[in-house]
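> Have a look at this fold, sequence not included:
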C-alpha cells in the first residue's frame, strides 16, 4: 500500500514539474510601456500625448471673490437692484470659479497647428432676483449658460458653465471663439481686476471670428478679422416709436433684425522689448427690423458704424523692475460696445440716491448708450462715444504690487436724435423722454452723459501662483438731465411712483479675491 501511494505522489510531482518547465519555456511578449515625455518645444508645462507627436498642456485657476456694495460680480452698484440703493441692494456678492484650459500643438510642414479651449465652472450667490421661484433659472453671467438657481428669501444662487475660448490656429488663421483682435492685449485689465472699465473693448470671454494674421518680422503684425457681432457688440438699435413705462422706457425698445454682416476688423501691432503699440479699426453694421409689428410698416435702412482705438504699453520703466504703464484711447460712431464694453454698467444705467429738493422722493441718475435711435418713418441716428483707460503698476518687491487705474467715457447724441428724445425745442415737450416722465419739473433735457472711474489695486503673492487681491473702485455718473421727473415706479426693485430729482450719482465697490493658478 505504501508503495502504491509513493508511486502516485511521485507521478503527480513529475507531471507538475514537466508542466512548469513547459510553461517557463513558452515565449512571453512584454507589453510596451509608453511613458509621458516632456515637450520642450512650446515652453514649460507641455507633454507629448503618448503615441503621438502632439503636445498638450493642462492649466487653469481656482478663484474665490467677494464683492462689497454690488449685486453684480463685474459692474458695481449702478443698475437694477444694485442701483436701487435700498433693501434690495446687496451688501456683498460672492463667486467661486474653477477655470480649465486645454492647449494642444502639433508641428507640421505648414507650421504649428494649435487648438485652445478655456471653460469656467462658476457659482455665484446673493444676486437678488425679485419673485424668483426655487429651481428657476435666475442667474446667467454674460457669455455663459446658467444652471437652475435656488431662491431663498429673495436671494438667489446660480451655478454656471462658461465656454470662454475655443479656437483653432493654423498657418496664420484663427478660427473659433477667441479674444477680439480689436481689443488691447490686456482687454479690460490695464492694471485691475474690476471688470467694468469703460474706454475700450473687452470681449474677455471670447467671440466667434475668422482671422488671418500676417507676421512681417521685428514684432510687426497685421490682423484682418470677420467677427460675430450678435454676442457682445450690439449695444442697441432703439425704436423710439415703441416706448416703455420703466426707468429706461424713454429710450424705446431694442429693434434688431437678423444678423446680416459680421464686424470687420483690422489691427496693426508692434511688439518690442520696450512694450507694444496697437492700432485697431472696426466697421459695424446696424441692421434694424421694422417700425411696427409687421413687414408692412416698413423699416429704416442699415447704417454702418465704426470705431478706432490706439493702445500703448511701456515696460521696464525706471520706477522699478517689472513696472508697466498701459493706456488706451477709443472713438466710436454707431459701434458703442467698442468703448462701453459688455461688462460695464455704463451702457444702460439707473442709480438712485438722496435728494434735498422739496417734494422729491429721491434722486435718480440716467444714462443709455445704444448704437443708434430712430422713429417711425425716420433713418437711424448713430450715437457717438469717446473714451480712454489706463493704469500704472508698481512692484514693491517680488511679492507685492500696487496699481492706480482710471477710465473716462463720453456719450454724445446728434441733434436729430436729441430732438427725438427731448422734442424739437429741447424741453422734453414732443419727445420720448417727456412722453414717459412728463415735463412739469424738467429744466434740462439732454441724453448726453459721461462716466468717470478711478481705482487702486494691491496684490500679495506669498508663494508662486497664489495671489490675494484687494481692488477698490469709485465710479461717477455725470448726466446732463436736470430738474425733476414723474417716475412711474418699479415693483421689481421696490421703487414707488413719485417725483424724483435728476441728479449725478456716485458709487464705490470693493473686490476681494484669492486665486491659485495651476
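Perfect, thanks for sending it. It should be emphasised that the depicted structure is a prediction, and the values quoted were computed from it without experimental measurement.
> Tell me which stretches of the stretch 401-518 of the chain form strands.
442-444, 449-463, 466-479, 482-487, 498-502, 505-517 (DSSP state E, counting those that start in this stretch).
> And the strands in the stretch 151-300 of the chain?
Listed from the start of the chain, the stretch 151-300 of the chain has strands (DSSP E, counting those that start in this stretch) covering 155-170, 173-178, 207-217, 220-227, 237-239, 253-254, 263-272, 275-286.
> Show me the one of those strands that comes nearest residue 470.
strand 155-170 (24.2 Å; CB to CB). Backbone N, C-alpha and C define where each C-beta goes, glycine included.
> For the closest one, enumerate the helices and strands it packs against.
strand 111-125, strand 144-146, strand 173-178 (3 or more CB pairs under 8 Å, 6 or more residues apart in numbering; DSSP states H and E).
> In the chain, what helix or strand scores lowest on average pLDDT?
The helix or strand with the lowest mean pLDDT-type score in the chain, counting by mean pLDDT, DSSP states H and E, is strand 150-152 (a mean of 28).
> Let me have the strands of the stretch 401-518 of the chain in JSON lines, extended by mean pLDDT and distance to residue 99.
JSON lines is the format used below for those (pLDDT from 0 to 100; distance: least, CB to CB, whole Å):
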{"stretch": "strand 442-444", "mean pLDDT": "96", "distance to residue 99": "47"}
{"stretch": "strand 449-463", "mean pLDDT": "97", "distance to residue 99": "18"}
{"stretch": "strand 466-479", "mean pLDDT": "97", "distance to residue 99": "14"}
{"stretch": "strand 482-487", "mean pLDDT": "96", "distance to residue 99": "41"}
{"stretch": "strand 498-502", "mean pLDDT": "97", "distance to residue 99": "42"}
{"stretch": "strand 505-517", "mean pLDDT": "96", "distance to residue 99": "9"}
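> In JSON lines: those strands, plus mean neighbour count.
Listed next are those as JSON lines, based on neighbours: other CB atoms under 10 Å:
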{"stretch": "strand 442-444", "mean neighbour count": "16"}
{"stretch": "strand 449-463", "mean neighbour count": "18"}
{"stretch": "strand 466-479", "mean neighbour count": "19"}
{"stretch": "strand 482-487", "mean neighbour count": "21"}
{"stretch": "strand 498-502", "mean neighbour count": "21"}
{"stretch": "strand 505-517", "mean neighbour count": "18"}
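> Would you mind telling me which of those is nearest residue 58?
It's strand 505-517; of those, that one is closest to residue 58 (CB to CB) at 12.3 Å.
> In contact with residue 431, which residues?
Taking CB atoms under 8 Å, 6 or more residues apart in numbering as the criterion, residue 431 is in contact with 419, 420, 421, 422, 423, 445.
> run the last query once more with 10 Å
Residue 431 makes contact with 240, 250, 375, 418-425, 439, 445, 447, according to CB atoms under 10 Å, 6 or more residues apart in numbering.
> how about the closest residue in space to it that isn't next to it in sequence, what does it touch?
The shortest distance from residue 431 to any non-neighbouring residue, by CB to CB, 6 or more residues apart in numbering, is to residue 423 (3.6 Å). Residue 423 makes contact with 429, 430, 431, 432, 433, 434, 435, 439, 445 under the criterion CB under 10 Å, 6+ apart.
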